[in-house]
Each structure stands twice: as C-alpha cells, then as structure tokens.
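[1] sharing a model that was predicted from the sequence below.
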2 protein chains.
Amino acid sequence: MESREISQAVIRRLPRYYRYLGELLENGVERISSNDLSKRMQVTASQIRQDLNNFGGFGQQGYGYNVKYLYTEIGKILGLEEEHGMIIIGAGNLGHALANHAGFEKRGFVLKGIFDVNPTLKGMTIRGVPIYMMDELEDFMKNSDIEIGILTIPKAKAIEVANQLVDYGIKAIWNFAHTDLNLPDNVIVENVHLSESLMRLSYNISRYNEEHRAEK
Amino acid sequence: MESREISQAVIRRLPRYYRYLGELLENGVERISSNDLSKRMQVTASQIRQDLNNFGGFGQQGYGYNVKYLYTEIGKILGLEEEHGMIIIGAGNLGHALANHAGFEKRGFVLKGIFDVNPTLKGMTIRGVPIYMMDELEDFMKNSDIEIGILTIPKAKAIEVANQLVDYGIKAIWNFAHTDLNLPDNVIVENVHLSESLMRLSYNISRYNEEHRAEK
DNA sequence: TAGATTGTTAATCGATTAACAATC
DNA sequence: TAGATTGTTAATCGATTAACAATC
C-alpha cells in the first residue's frame, strides 16, 4: 500500500483547479503551464506542481499540462466519475434551493429523495424528486443506494437525524446545520456553516475599518 | 500602530469558538478552562490559548475564562456589535433561503433589500424586505447604508454586478457564484462555493472506498 | 539540438504543539 | 498558601516556496 496521506490544504485547492481547468477547456485552451495557470489563479507555480504531484505526474517537461487530460484526471480524483446518490433532509428554503440546483447532477450527484416532517408537503416533488415523510426514511434507505445525506434542518434535529442516517448506513453527510456532528470515523462530514462564513466577512470589515481609522 | 497581522487560520476558527461559547452560555456555564474547551471542540488547549492571545489576555491564571466575557469579546472582534446593512442580488431559491434566514439579523446583519431582474417579483417582499429591480440598484445604494452585497446569481452576471457594486461603494461581497471575483483590495470578498464543498465530500468518499478496497 | 517546463529535492516560512514560569 | 491555569517562549511539525537537474 503506497497510499500517502494527502493534506487537507491540498484537497481544499483541488476543486478550484478543477474549476479553472474546466473554464480553460470551455475556452478551447489545449495546454497550460504551471506558470500560466499560476497567474490566473493567483497561486504560485510551485504550489501547483507540488499539489498535482501528490497524485502523479500529469505534465510533460517542456510542454506543460494537457488541459483536457488534467481536467479529467482531477475529476477522477475528486470522485466525479462515479454516481453519488443523495437525499436532502429538510424541505425548507435551503433544502429547496439545493434541490433545485441542477448543476450537481452533471457532476454525478443525483438527488433521489427529499424528506420533511411537514405533512402538507407529502407527495409533492421538486424538480421531479419526491418529498417523503421522515417516517419513510428507514425503508427508503434500505431500498435505495444513498451515499450522501444533506442536512438542512435546525441543529437539534440535525444531530438526531445524523445519527439515524449513520444507523441506516449513510457514507457521508453534507451538514448545513449550525452544529458540529460527532459521528463515527467511517462517516465523512463536510460542514457548510454559513453564519461562520458571514462572521469572517464581518471580521474583515471591522479590521479594515480599524486600519482606516488608524490611518487618519 | 501595534496591529500585527492575524493569520487566516486563526480567523477561520474564531466563529467556531464563538459558537461553542454561545452554547456554554445558554447552558449556564460560567467559566471554562482551555483544557475543558479543548475536549469539547477537539482542538488542543495550546491552540485555544494561542489563538485567543492574538487578541489579548481574556483569561485568568488559576481560573480559566469567563464564558460570558469571552463570548462578548469574541463577538466584538468579529464585528457583531455593529450593524451591517446587506442586500441580496438574485431572488432565486438561494436568495430566498438567505433572505428568510432570520438568524443573521440578531447578529447585526440587517437585510435591507433584494434585487432581481424578473419584473414579476417587483414590489413583492420576503420577510418584509422589498424586492427591487436591478435598475433601482444605483439609487438604492446611494440612499441606504449598505456594507455587504450578497451575490446569488450565475457567474457571468456575478462578475458584472460585483463591479457595479464596487463602483457604488460596497465594502464587502458574500459571493455564492461559482467564480472568483477579482476586485480591488479594499473590497472584502468571502466566497461560498457549494459545489467545491460537495467535491471535497466526494473526494473523501472515494478515498475511503479505495482504502477499504485495499484492506481486502 | 535548444528551449521550455516539469518533477522533485532542499530551504524557508509559518502554524501548531509542548513546556513552564508567572500569577491568580 | 497551594493548586490551577493562563500567557508566552521554545521546539516541532508541516506546508509553501525556491531552485535546479531531468527530460520532453
């Protein structure tokens, strides 16, 4: 087993490489050097080469990287070649927004169901995906191939439902609730804490204001 | 001027401290040591003390940290004592979801307007906040005190509107569009790239699957 | 072949952890 | 006062950048 641990810092940058390469591809760019890419992305060329070489030598000396090839390879690394079944728990505003986001589908993320407690939603669909009641969750999980559970419910419920999902064999949770989930190691958790993002924003505003006050 | 630069790593953790302290406060906990907090948050006590000491000595030897005091101080650092006027550009699903999120208000983030190009939305409101047409944006910006522009529109439009907002004097942009914004240094940008978050999730699923395959 | 650019090693920089004296 | 726990310095670890030989 040669699997060396890839650092989180690298993984965080990977989707961004993927995005830039996708744009280059759309623009018909065939090849790119780490140097050119570094200028567009505002990272060092050295970092790009180091990052990519974690996964293998995708480039060619004297030539650079073939955009299409690199794009495809990073896609594979990110697991975008396989299909990932998903369910959304919580058909509120955010649940709706995510359910309506068609873009996920073309990357292999297929929404198979939406769950809520509100009985008036029963039988409705969003973009063709049915809304089920929470008491149908267990059966649904048994009979469908679901890897990812998306939690768009309040934190107290989120912790409870996360544990349920783990019991039903979920592989990963995309957590939008304002809480950390302490789940077994074999369950992957990716948090999107919007309020924390907004606080970082306001931190930076405050800092900027302070600096400017100081300048006077 | 003694302003030393605080690292992004520290800033990224700050809102999480704030969240945990808020919960402790709700639970009536009066004081906490870096050691106790470290166990709850799964970070080292050393890191907590280092992080906090970037901003001043909030603790007391032999006692620990007063929860309420520390909570308040971190709130100040994060700029949650001041009011921040916000507008949302894009009254789609995500725009709706954010507009309906009442929680931001109590942290000082006040939504003052929502903008869209769809004329059928004109005059409607979300949670009491009016929806305006894009051609009203300039006037609105002149007459209201808006710090934060929230972009929930497709990437091509996002770049264009971001530049407009900069012209109108916006201070910060909370960017949900799948693109980077290259704006002047004095404009703060905080990105929420949901698709990148989802890709990190699927990367981790793939890695986990590989490891397990290897185990056999 | 000569020029370009990678892959990779070494050097630097920064962030995290450990340790402990200061002090409540 | 004795015990607890901070604030802070020093040691370690990891990530980024620089440099350059390998090679297309």
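    Arrived safely.

[2] and the longest strand seen in chain A, average pLDDT?
    Identified as the longest strand of chain A according to DSSP state E is strand A:109-116. Strand A:109-116 carries an average pLDDT of 98.

[3] ok, how many other residues are close to A:Leu98?
    24 (other C-beta atoms under 10 Å in any protein chain shown). C-beta coordinates here come from the backbone N, C-alpha and C atoms, glycine included.

[4] return the residues in contact with it.
    By C-beta atoms under 8 Å, 6 or more residues apart in numbering or on different chains, the contact set of A:Leu98 is A:Ile88, A:Phe104, A:Ile150, A:Thr152, B:Leu194.

[5] so the fourth one makes contact with A:Ile89?
    Yes. With contact defined as C-beta atoms under 8 Å, A:Thr152 and A:Ile89 form a contacting pair (6.8 Å).

[6] so what sits against both of these two?
    A:Gly95.

[7] rewinding a little: quick check, the longest strand of chain A touching chain B?
    Yes. If you take C-beta under 8 Å from any C-beta of the partner chain as the test, strand A:109-116 does meet chain B, through A:Phe109.

[8] show me what the helix or strand just after that strand is packed up against.
    Per DSSP states H and E, strand A:109-116 leads on to strand A:125-126 as the next helix or strand towards the C-terminus. Packing partners of strand A:125-126 (3 or more C-beta pairs under 8 Å, 6 or more residues apart in numbering or on different chains; DSSP states H and E): helix A:93-100.

[9] now the helix it packs on, how far from the chain's geometric center?
    15 Å (C-alpha atoms, centre = their mean, to the nearest Å).

[10] can you pull the buried residues of the one helix or strand A:Ile74 maps to?
    Assigned by DSSP H and E, A:Ile74 belongs to helix A:67-77. Of all the residues in helix A:67-77, those buried under the rule 16 or more other C-beta atoms under 10 Å in any protein chain shown are A:Val67, A:Leu70, A:Tyr71, A:Thr72, A:Glu73, A:Ile74, A:Gly75, A:Ile77.

[11] can you count the residues close to A:Asn175?
    25.

[12] mind checking pLDDT for it?
    pLDDT recorded at A:Asn175 is 98.

[13] that one contacts A:Val189, correct?
    Yes. In this structure, A:Asn175 is within contact of A:Val189 by C-beta under 8 Å, at 5.9 Å.

[14] now the common contact residues for those two.
    Common contacts of A:Asn175 and A:Val189 (C-beta under 8 Å, 6+ apart): A:Leu181.

[15] before we move on, back to that, which elements pack onto the helix holding A:Ile74?
    Using 3+ C-beta pairs under 8 Å, 6+ apart, helix A:67-77 is in contact with helix A:8-26.

[16] what lies in contact with the helix or strand that comes right after the helix it packs on?
    Sequence-wise, the next helix or strand downstream of helix A:8-26 (DSSP H and E) is strand A:31-32. The contact list for strand A:31-32, computed with C-beta under 8 Å, 6+ apart, reads A:Leu21, A:Leu24, A:Tyr63, A:Gly64, A:Tyr65, A:Asn66, A:Val67.

[17] now do the buried residues in the helix ranked longest in chain A.
    As assigned by DSSP state H, the longest helix anywhere in chain A is helix A:194-215. For helix A:194-215, the neighbour count (16+ other C-beta under 10 Å) marks A:194, A:196-208 as buried.

[18] that helix versus strand B:109-116: what angle between them?
    110 degrees (axes from the mean of the first three to the mean of the last three C-alpha atoms, to 10 degrees).

[19] who's in contact with helix A:194-215?
    By C-beta under 8 Å, 6+ apart, helix A:194-215 touches A:176, A:178, B:1, B:3, B:6, B:11-12, B:14-16, B:18-19, B:77-80, B:82, B:84, B:98, B:101, B:103-104, B:107-109, B:147-148, B:171-172, B:174, B:186, B:188, B:190, B:192.

[20] so how far is it from its chain's centroid?
    26 Å.

[21] that helix near DNA strand C at all?
    No. Residues of helix A:194-215 contacting DNA strand C under C-beta under 7 Å from any atom of the strand: none, with a closest distance of 14.8 Å.

[22] what mean pLDDT does that helix get?
    90.

[23] equivalent analysis for stretch A:162-169, please.
    Averaging pLDDT along stretch A:162-169 gives 98.

[24] give the buried residues for that stretch.
    Buried-residue list, stretch A:162-169, by 16+ other C-beta under 10 Å: A:Ala162, A:Leu165, A:Val166.

[25] repeat for stretch A:129-149
    A:Val129, A:Pro130, A:Ile131, A:Tyr132, A:Met134, A:Leu137, A:Phe140, A:Met141, A:Ile146, A:Glu147, A:Ile148, A:Gly149.

[26] leaving aside the residues adjacent along the chain, what's closest to the second one?
    Read that as A:Pro130. Excluding the flanking residues, the one nearest A:Pro130 by C-beta to C-beta, 6 or more residues apart in numbering or on different chains is A:Gly113, at 6.2 Å.

[27] the one you found against A:Phe140, yeah?
    Yes. Contact criterion C-beta under 8 Å: A:Gly113 and A:Phe140 qualify, at 5.9 Å.

[28] identify the contacts common to those two.
    Common neighbours of A:Gly113 and A:Phe140 (C-beta under 8 Å, 6+ apart) are A:Ile87, A:Tyr132, A:Ile146.

[29] on that earlier part again, of the contacts of strand A:31-32, buried ones?
    Buried members of those, scored by 16+ other C-beta under 10 Å, are A:Leu21, A:Leu24, A:Gly64, A:Tyr65, A:Asn66, A:Val67.

[30] end to end on stretch A:168-185, go ahead and measure it.
    Terminal residues of stretch A:168-185 are spaced 15 Å apart (C-alpha to C-alpha, to the nearest Å).

[31] that one near chain B anywhere?
    Yes. Using C-beta under 8 Å from any C-beta, stretch A:168-185 comes into contact with chain B via A:Lys171, A:Ala172, A:Trp174, A:His178.

[32] angles on the backbone of the last one, please.
    A:His178 has phi and psi values of phi -80, psi 60 when expressed as degrees, to the nearest 10.

[33] so who does it touch?
    If you count contacts by C-beta under 8 Å, 6+ apart, A:His178 has them with A:Lys155, A:His193, A:Ser195, B:Arg19, B:Gly103.

[34] residues in contact with the second one?
    Right, the one you point to is A:His193. By C-beta under 8 Å, 6+ apart, the neighbours of A:His193 are A:His178, B:Pro15, B:Arg16.

[35] quick check, pLDDT for the last one.
    Spelled out, that is B:Arg16. Taking B:Arg16 on its own, its pLDDT is 98.
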